[in-house]
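# A structural model of the following input is requested.
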Amino acid sequence: MEKSLVLIKPDAVQRNLIGLIIALYEKEGLVVEKMIKLRPSKTQAAVHYQDHQDKPFYPGLIESLTSSDIVAMVLQGDGAIEKVRAINGATDPKQANPGTIRALYGQELPNNSVHASDSPESADREIAIWFSTN
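All right, here's what the predicted structure looks like:
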């Protein structure tokens with residue numbers, strides 16, 4: 001079974017959307033293997049977004065992710081990575097297909113409600129960031 005990391009970001013947590021978002025993943029046959037609610041440290045956020053550190057939007061990503069609690073989850077299922085990314089929709093909520101999480105609940109970047117791993121390698125790296133001591 002393939003695994004993907006999903007973060008329900010502060011904008012969605014603050015609007016009490018956790019259950020609605022999880023239900024969309026479960027409806028598509030994905031299983032929550034691990035889940036934790038926490039306030040990310042700047043260090044965790046920096047490690048998580050290390051691939052973007054030279055981009056102009058990087059400071060906004062860090063500020064947004066550390067602004068309040070998130071829910072970190074490991075979802076598993078057949079083709080979990082691609083399935084989660086399809087359920088999430090395009091990164092920019094304005095470009096996300098109707099019915100996707102970002103179209104339903106995303107605001108504007110970086111407040112697009114969710115993050116998901118984009119490859120098995122990213123999933124392994126990201127899961128270790130959020131679940132190494134939990």
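# Could you pull out the strands in this protein for me?
Ranges of strands within the chain are 2-8, 31-38, 70-77, 114-116, based on DSSP state E.
# Give me the helices and strands touching the third one, please.
Helices and strands in packing contact with strand 70-77 are listed as strand 2-8, helix 10-14, helix 18-27, strand 31-38, helix 120-131; criterion 3 or more Cβ pairs under 8 Å, 6 or more residues apart in numbering; DSSP states H and E. Glycine gets a C-beta too; all of them are placed from N, C-alpha and C.
# What of the second one?
Packed against strand 31-38, as judged by 3+ Cβ pairs under 8 Å, 6+ apart, are the following elements: helix 18-27, strand 70-77, helix 120-131.
# now the residue most central in space within the chain, which residues is it bridged with?
With distances taken as Cα atoms, centre = their mean, the chain has His115 as the residue nearest its mean C-alpha position (2.3 Å). Following DSSP bridges, His115 is listed with bridge partners Leu7.
# Same question for Ala72.
The partner residues for Ala72, given DSSP bridges, come to Leu7, Ile36.
# That one: neighbour count?
The burial count assigned to Ala72 is 23, neighbours taken as other Cβ atoms under 10 Å.
# Same question for Pro40.
Other residues within reach of Pro40, judged by other Cβ under 10 Å, total 23.
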